[in-house]
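Asker: predicted model and sequence below, questions to follow.
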Amino acid sequence: MDTPLNAAASTAGSIFSASEFEVPPYQREYSWQEDEVREFFHDLQRSLDDETYFLAL
């Protein structure tokens, strides 16, 4: 069965200005290590000149 992908363009401000975020129970035990956080922020930094950046939330 195919599941459709719904995508929409948003700004970082609109994503992170939400009053609350909910972490599903199956993800609550997962936490990033320092190297994963560093890699994510370096990736964001490298993408600043790009018109778009895909972030699955």
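Answerer: Arrived safely.
Asker: which residues sit against stretch 37-52?
Answerer: With contact meaning Cβ atoms under 8 Å, 6 or more residues apart in numbering, stretch 37-52 is reached by 9, 32, 53. Using the backbone N, CA and C atoms, a C-beta is placed for each residue, glycine as well.
Asker: at 7 Å what do you get?
Answerer: Tyr53 (Cβ atoms under 7 Å, 6 or more residues apart in numbering).
Asker: now it: how far from the chain's centre is it?
Answerer: Centroid displacement of stretch 37-52 relative to its chain, using Cα atoms, centre = their mean, to the nearest Å, is 11 Å.
Asker: got the buried residues for it?
Answerer: Neighbour counts over stretch 37-52 (16 or more other Cβ atoms under 10 Å) mark no residue as buried.
Asker: can I get the longest helix seen in the chain in PDB? Just the C-alpha atoms.
Answerer: Across the chain, the longest stretch assigned as helix under DSSP state H is helix 34-46. The C-alpha coordinates for helix 34-46 follow below in PDB (Å, rounded to 0.1, in the frame of the first residue of the first chain):
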ATOM      1  CA  GLU A  34      27.400  15.200  20.800                       C
ATOM      2  CA  ASP A  35      28.800  14.200  17.400                       C
ATOM      3  CA  GLU A  36      25.300  13.800  16.000                       C
ATOM      4  CA  VAL A  37      24.300  17.300  17.200                       C
ATOM      5  CA  ARG A  38      27.500  18.800  15.900                       C
ATOM      6  CA  GLU A  39      26.900  17.200  12.500                       C
ATOM      7  CA  PHE A  40      23.300  18.400  12.300                       C
ATOM      8  CA  PHE A  41      24.300  22.000  13.100                       C
ATOM      9  CA  HIS A  42      27.200  21.900  10.600                       C
ATOM     10  CA  ASP A  43      24.700  20.600   8.000                       C
ATOM     11  CA  LEU A  44      22.400  23.500   8.700                       C
ATOM     12  CA  GLN A  45      25.300  25.900   8.500                       C
ATOM     13  CA  ARG A  46      26.300  24.600   5.100                       C
END
